[in-house]
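1. coordinates only, sequence not included:
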């Protein structure tokens, strides 16, 4: 099966005065159709930087990115980046990034409005997506009146409105209580099982990562291990062990421990 996206030896550098910091140190990963992939790492490990590069919101300084099996030489640079995002990618953020003066319907339909889609199609598609996200009765409500879990459902609906091939979720449960977080993760599972949605999810929480088919452990800008579940839900203790091993390997490489 062709990978929807494949990254090979990705590096990202940042300047800090006279010092050059390497945020990503040779990352290679792939995502298949219908796969839920988690990237797990502690704060500062490079998770968000990596997600921004995958989402064509930032450009890698070195490495190759293949989209649908084709090498993209201008993946993160304009104008190609905008086209890639529109045709292939939906984003979900920890802090929702909704327009609070808008209603639920207005937030969700905005991507279609900006692309000039016909009104009839916008209304039809928005209703379908809101129903799928479990908030079909909230369309006329102002976003400011919703709970955190409902806001995240709106954010998921907005990310799906253009039928993206890849869904990117940056700590999507980080601001939610446990019960609401699990409800949100069930949406991701339903999207995978019923729609064949391909998703990359960034998290620091092993319980959230356990929903994924595969987990990559990211530390200090490098992948130090991988966990692949066999059947059902992943083993949280096994995932946590893998995460700790990745942290230990990163420290050994930096000469901080043995």
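-> Great, that's in hand. Every value quoted in this text rests on a predicted model; they were computed, and no experiment measured them.

2. Can you show me the helices along this protein?
-> Remark: helices of the chain, listed N- to C-terminal, are 47-54, 80-88, 104-114, 119-132, 148-160, 178-195, 206-209, 236-253; assignment by DSSP state H.

3. Residue 217: which of the ones you listed is closest?
-> Between residue 217 and the helices of the chain, the shortest separation by Cβ to Cβ is 3.6 Å, and it involves helix 236-253. (Each C-beta comes from the backbone N, C-alpha and C, glycine too.)

4. what helices or strands is that closest one leaning on?
-> Secondary-structure packing of helix 236-253 (3 or more Cβ pairs under 8 Å, 6 or more residues apart in numbering; DSSP states H and E): helix 206-209, strand 214-219, strand 222-228.

5. and the shortest one, what does it pack onto?
-> Contacts defined by 3+ Cβ pairs under 8 Å, 6+ apart place helix 206-209 against strand 36-40, strand 198-203, helix 236-253.

6. what does that helix rub up against?
-> Helix 206-209 is touched from outside by 38, 40, 173, 181, 185, 201, 203, 215, 234, 236, 239-240, 243, with contacts defined as Cβ atoms under 8 Å, 6 or more residues apart in numbering.

7. Please point out which parts of stretch 139-152 sit buried.
-> Residues of stretch 139-152 classed as buried under the neighbour-count rule (16 or more other Cβ atoms under 10 Å) are 139, 143, 146, 149, 150, 151, 152.

8. Can you get me the start-to-end distance on it?
-> The first and final residues of stretch 139-152 sit 14 Å from each other (Cα to Cα, to the nearest Å).

9. And for stretch 35-51?
-> One end of stretch 35-51 sits 16 Å from the other (Cα to Cα).

10. buried stuff in that stretch?
-> Buried residues in stretch 35-51, defined by neighbour count with 16+ other Cβ under 10 Å: 35-41, 45-51.

11. Rebuild those as a markdown table, extending it with pLDDT and distance to residue 95.
-> Output for these, formatted as a markdown table (pLDDT from 0 to 100; distance: Cβ to Cβ, whole Å):
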| residue | pLDDT | distance to residue 95 |
| --- | --- | --- |
| 35 | 96 | 26 |
| 36 | 96 | 22 |
| 37 | 97 | 22 |
| 38 | 96 | 20 |
| 39 | 96 | 19 |
| 40 | 94 | 20 |
| 41 | 90 | 19 |
| 45 | 91 | 19 |
| 46 | 93 | 20 |
| 47 | 92 | 15 |
| 48 | 90 | 12 |
| 49 | 94 | 17 |
| 50 | 96 | 19 |
| 51 | 94 | 14 |
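
12. Out of these, the closest to residue 125 would be?
-> Of all the buried residues of stretch 35-51, the one with the least separation from residue 125 (Cβ to Cβ) is residue 36, at 23.6 Å.

13. correct me, but that closest one touches residue 189?
-> Yes. Because the distance of 7.4 Å satisfies Cβ atoms under 8 Å, residue 36 is recorded as touching residue 189.

14. where does the stretch 101-250 of the chain have low pLDDT?
-> Low-confidence regions of the stretch 101-250 of the chain, defined by pLDDT under 70, span residues 232-233.

15. 90 instead, please
-> For the stretch 101-250 of the chain, the stretches with pLDDT under 90 are 111-117, 174-175, 204, 229-238, 243, 247, 250.

16. how far away is residue 152 from residue 25?
-> Taking Cβ to Cβ, to the nearest Å as the measure, residue 152 and residue 25 are separated by 32 Å.

17. residues contacting residue 93?
-> Contacts for residue 93 (Cβ under 8 Å, 6+ apart) come out as 155, 170, 171, 172.

18. cutoff 10 Å now
-> Under the criterion of Cβ atoms under 10 Å, 6 or more residues apart in numbering, the neighbours of residue 93 are 48, 51, 152, 155, 159, 168, 169, 170, 171, 172, 174, 175.

19. could these go into TSV alongside distance to residue 83?
-> Shown next, in TSV, are these (distance: Cβ to Cβ, whole Å):
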residue	distance to residue 83
48	23
51	19
152	27
155	23
159	17
168	16
169	22
170	22
171	27
172	25
174	30
175	31
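
20. Most neighbours among these, which one?
-> Tallying neighbours with other Cβ atoms under 10 Å puts residue 152 at the head of the contacts of residue 93, with 29 neighbours.
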